[in-house]
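S.K.: Sharing a model prediction with you, sequence too.
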Amino acid sequence: MNNPTSHRPWLNHYEADVPDTIDYPSVPLTHFLTESAGRAPDHPALLFYGRPTTYRDLKAQVNQFSRAMLGLGLRKGDRVAIMLPNVPQCVIAYYGALKVGMVVVMTNPLYIEREIEVQMADSGALAIVTLDFMYPKIEKIKAATSLKHFILTSVQDELPWLLKFLYPIKARREKQWVSIEKTPPIYDMLQMMADYPETPPVHEAVVPDDLALLQYTGGTTGTPKAVMLTHRNLVANTLQCQRWVPTLRDGEIFLAAIPFFHVYGMSTCMNLAIRIGATLVLQPRFVVKDVLHGIQATRATIFMGVQAMYLAINNHSEVAKYDLSSITVCISGAGPLHAAVQERFEAITGGKLVEGYGLSESSPVTHCNPIHGKRKSGSIGMPVSDTQVKVVDPNTGADLPQGEVGELIVAGPQVMRGYWNRSEETAAVLRDGWLHTGDMARMDEEGFFFIVDRKKDMIKTRGENVYPREVEEVLFRHPKVAEAVVVGLHDLTAGEIIKAYIVLKAGETATIEEIGKFCRAELTHFKVPQRIEFRESLPKTIIGKVLRRVLLEEEKSKTSE
């Protein structure tokens with residue numbers, strides 16, 4: 001009989017209560033909310049600046065939203081965009097749309113018009129749920145999309161002091177939302193829901209293999225692609241995360257500052273908390289002092305974040321004044337976690353902080369270091385339950401032995417169906433059931449994996465993926481720019497920062513400020529280059545391809561001097 005650990009050595013190092021395989025129920029993702037509401041209806045599901053929403057009330061509001069969406073004429077399979085920060089309405093709209101088989105398109109509320117238009121047009125979304133002050137942006141692009149219904153919500157009436165965090169200065173000064181007349185096809189979300197009963201809607205059955213989510217990601221081509229995740233994918237990854245932390249209980253309190261519109265926050269924070277019947281303490285944006293106060297005030301036990309968040313907590317001048325001892329488990333994702341940051345955070349809180357790894361294409365979690373068992377600095381950890389992993393030769397696809405560097409490929413129930421309307425790109429990364437990540441990695445003798453190189457050219461800054469081509473295309477549109485290339489430079493706080501190298505057209509002159517202003521008008525703030533260098537030429541191959549590697553080596557030599 002074959003030894004199952006001979007090609008999966010990580011199984012020998014699983015914690016005692018972490019299973020090799022899980023029995024996944026054949027249910028839609030929303031079943032987790034129904035279960036938790038049945039077990040503990042009066043337990044707080046959400047806590048938004050001191051205002052609780054019980055599981056009973058959340059279930060009722062989800063039912064109302066589901067009915068309202070059906071009342072608009074939307075049906076199973078229709079795409080519904082949600083462009084909200086971490087507010088109660090985000091959770092309601094997410095589970096409400098999924099409950100009746102609609103497909104959620106999670107959209108970053110910081111996006112500018114051009115970026116929103118690309119996602120709306122590509123997904124074919126028929127409805128969008130967003131904050132009222134964002135509607136002017138939507139209005140400018142709606143003619144180029146399929147959008148028919150505009151569902152607006154706000155928090156300024158209930159919590160006016162939150163305006164300074166959610167609403168830009170210009171919007172607050174001009175009170176842009178006041179002039180919006182909320183008549184069809186524009187609706188006030190809460191008023192719309194109030195017209196419907198709290199009982200479950202009658203709807204077409206939702207089954208595990210139904211599409212649940214279009215999660216946009218970039219790619220090495222820079223073209224935004226929508227990852228298709230099914231209910232089965234999301235259920236599987238939620239349970240994989242739950243079983244990886246066997247100490248999780250229904251009394252856990254998640255401090256939710258990681259955005260739900262990011263697949264990492266959606267799965268490891270929102271979906272996981274709802275699954276176990278925990279409380280989600282919602283924070284619309286990461287403000288370190290609010291996080292410190294929130295942990296102390298609510299006795300939060302779980303915090304999911306990125307390294308920049310943990311670093312900000314560690315370095316806050318008043319961190320010693322806060323009692324953070326309630327924290328038990330934290331995971332860092334969307335980029336590497338440095339040992340110094342990990343050790344300092346654990347010393348401050350007394351909790352555990354470990355590094356994990358995943359991709360939008362895998363719902364997203366595939367690897368994590370053990371919470372209480374052996375862990376290795378610089379490692380993304382081991383594959384979670386039911387996840388197969390290989391390191392292969394990127395050219396031949398042949399399996400490589402332990403210790404050798406090759407492409408990381410994964411398979412498991414959390415792996416996507418494919419890319420929305422992109423069959424060729426799907427075929428390029430999904431081969432014989434294996435997802436080719438494009439990340440170069442190695443596995444040691446104990447089954448711990450180490451990422452050696454990032455996906456080709458991709459930049460990870462403060463937990464966000466930035467694809468150079470998108471930034472470069474903006475730079476190329478500047479009338480004075482002849483050539484441009486963008487790279488990511490290592491930065492302890494952000495993970496990476498974006499640097500642009502620019503060659504101007506003959507006879508032209510430009511300033512760094514001028515280029516920066518142009519980029520800020522075309523890109524979300526985290527995609528704007530933080531450094532700009534003008535050059536006479538760029539290093540290239542004989543066929544004219546720019547050598548990013550040479551530029552990075554130049555930068556490395558500067559820092560070592």
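M.R.: Everything's here; your move.
S.K.: so where do the helices sit in the stretch 401-550 of the chain?
M.R.: Ranges of helices in the stretch 401-550 of the chain, per DSSP state H, counting those that start in this stretch, are 423-429, 468-476, 512-522, 548-560.
S.K.: Over to the stretch 1-150 of the chain?
M.R.: 31-39, 55-71, 88-99, 113-123, 135-141.
S.K.: Distance check, the residue lying closest to Lys540 once chain neighbours are set aside against Ala81.
M.R.: Nearest in space to Lys540, with sequence neighbours left out and distances taken as CB to CB, 6 or more residues apart in numbering, is Val546 at 5.6 Å. For the C-beta atoms, the positions are set from N, CA and C on the backbone; glycine is no exception. Going from Val546 to Ala81 by CB to CB, to the nearest Å gives 35 Å.
S.K.: which of the two has more neighbours?
M.R.: Between Val546 and Ala81, counting by other CB atoms under 10 Å, Ala81 is the more crowded of the two (27 against 18).
S.K.: In space, not sequence, find me the middle residue of the protein.
M.R.: His262 (2.1 Å; CA atoms, centre = their mean).
S.K.: surely it meets Asn465?
M.R.: No: in this structure, His262 is not within contact of Asn465 by CB atoms under 8 Å, at 9.5 Å.
S.K.: Looking at the helices of the stretch 401-550 of the chain, which one is packed in the most?
M.R.: Comparing these by mean neighbour count (mean count of other CB atoms under 10 Å), helix 468-476 ranks first with a mean of 20.
S.K.: Just the CA atoms from that one would do, formatted as CSV, please.
M.R.: This file holds the C-alpha atoms of helix 468-476, laid out as CSV (Å, rounded to 0.1, in the frame of the first residue of the first chain):
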residue,chain,number,x,y,z
PRO,A,468,2.7,46.9,-14.6
ARG,A,469,1.1,46.9,-18.0
GLU,A,470,-2.0,48.7,-16.7
VAL,A,471,0.2,51.5,-15.2
GLU,A,472,2.4,51.5,-18.3
GLU,A,473,-0.6,51.9,-20.6
VAL,A,474,-1.6,55.0,-18.7
LEU,A,475,1.9,56.4,-18.9
PHE,A,476,2.0,55.8,-22.6
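S.K.: how far out from the middle of the chain is that helix?
M.R.: Averaging C-alpha positions (CA atoms, centre = their mean, to the nearest Å) puts helix 468-476 22 Å from its chain's average.
S.K.: elements contacting it?
M.R.: If you count contacts as 3 or more CB pairs under 8 Å, 6 or more residues apart in numbering; DSSP states H and E, helix 468-476 packs onto strand 481-491, strand 495-504, helix 512-522.
S.K.: Reformat these as JSON lines; add distance to Ala308 and mean pLDDT.
M.R.: Shown next, in JSON lines, are the helices and strands packed on helix 468-476 (distance: least, CB to CB, whole Å; pLDDT from 0 to 100):
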{"stretch": "strand 481-491", "distance to Ala308": "9", "mean pLDDT": "89"}
{"stretch": "strand 495-504", "distance to Ala308": "7", "mean pLDDT": "93"}
{"stretch": "helix 512-522", "distance to Ala308": "21", "mean pLDDT": "94"}
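S.K.: Just put those in JSON lines and tack on distance to Val384.
M.R.: Output for the helices and strands packed on helix 468-476, formatted as JSON lines (distance: least, CB to CB, whole Å):
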{"stretch": "strand 481-491", "distance to Val384": "27"}
{"stretch": "strand 495-504", "distance to Val384": "23"}
{"stretch": "helix 512-522", "distance to Val384": "38"}
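S.K.: So which of those is nearest Leu29?
M.R.: strand 495-504 (29.7 Å; CB to CB).
S.K.: which helices and strands sit right next to that closest one?
M.R.: Against strand 495-504 (3+ CB pairs under 8 Å, 6+ apart) you get strand 459-461, helix 468-476, strand 481-491, strand 531-534.
S.K.: circling back to that earlier point, what's the overlap in contacts for His262 and Asn465?
M.R.: Counting by CB atoms under 8 Å, 6 or more residues apart in numbering, no residue touches both His262 and Asn465.
S.K.: Let me see the confidence value for the residue of the chain positioned farthest from its centre.
M.R.: Relative to the centre of the chain, the most outlying C-alpha is that of Gly507, 43.4 Å out, by CA atoms, centre = their mean. Per-residue pLDDT puts Gly507 at 90.
S.K.: With Glu115 instead?
M.R.: If you check Glu115, the pLDDT there is 89.
S.K.: Show the contacting residues for it.
M.R.: 108, 523-524 are the contacts of Glu115 under CB under 8 Å, 6+ apart.
S.K.: For the stretch 1-150 of the chain, give me the ranges with low pLDDT.
M.R.: Applying pLDDT under 70 to the stretch 1-150 of the chain picks out residues 1-6.
S.K.: what bridges to the closest residue to Pro529 other than its chain neighbours?
M.R.: Distances taken as CB to CB, 6+ apart place Ala500 nearest to Pro529, at 4.0 Å, with adjacent residues excluded. For Ala500, the beta-bridge partners under DSSP bridges are Val486, Ile532.
S.K.: is it fair to say Arg232 lies in a helix?
M.R.: Yes: per DSSP: H, G, I helix; E, B strand; the rest coil, Arg232 lies within a helix segment.
S.K.: Tell me how many other residues surround the residue nearest to Pro529.
M.R.: There are 25 residues near Ala500, going by other CB under 10 Å.
S.K.: right, and it touches Glu483 too?
M.R.: No: contact between Ala500 and Glu483 fails when scored by CB under 8 Å: they sit 10.7 Å apart.
S.K.: Quick one, which of the helices and strands packed on helix 468-476 gets closest to Pro197.
M.R.: Evaluated with CB to CB, the helices and strands packed on helix 468-476 place helix 512-522 nearest to Pro197, the distance being 45.8 Å.
S.K.: any idea how far the closest one is from the chain center?
M.R.: On CA atoms, centre = their mean, the centre of helix 512-522 falls 26 Å from the chain's centre.
S.K.: so it versus helix 113-123, what angle?
M.R.: Angle of helix 512-522 versus helix 113-123, following axes from the mean of the first three to the mean of the last three CA atoms, to 10 degrees, is 40 degrees.
S.K.: sorry, back to before: which one of the helices of the stretch 1-150 of the chain is the most hemmed in?
M.R.: helix 88-99 (a mean of 26).
S.K.: Which other helices and strands does that one contact?
M.R.: strand 44-48, helix 55-71, strand 79-83, strand 103-106, helix 189-194, strand 279-282.
S.K.: With only the CA atoms kept, save the second one in CSV.
M.R.: Spelled out, it's helix 55-71. Presented in CSV, the C-alpha positions along helix 55-71 are these (Å, rounded to 0.1, in the frame of the first residue of the first chain):
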residue,chain,number,x,y,z
TYR,A,55,-27.9,36.6,13.5
ARG,A,56,-31.7,36.7,13.5
ASP,A,57,-31.8,40.2,12.2
LEU,A,58,-29.1,39.6,9.6
LYS,A,59,-31.0,36.6,8.2
ALA,A,60,-34.2,38.7,8.0
GLN,A,61,-32.4,41.5,6.3
VAL,A,62,-30.8,39.1,3.8
ASN,A,63,-34.2,37.7,3.0
GLN,A,64,-35.6,41.2,2.5
PHE,A,65,-32.8,42.1,0.2
SER,A,66,-33.2,38.9,-1.8
ARG,A,67,-36.9,39.6,-2.2
ALA,A,68,-36.2,43.2,-3.3
MET,A,69,-33.8,42.0,-5.9
LEU,A,70,-36.3,39.6,-7.3
GLY,A,71,-38.8,42.4,-7.2
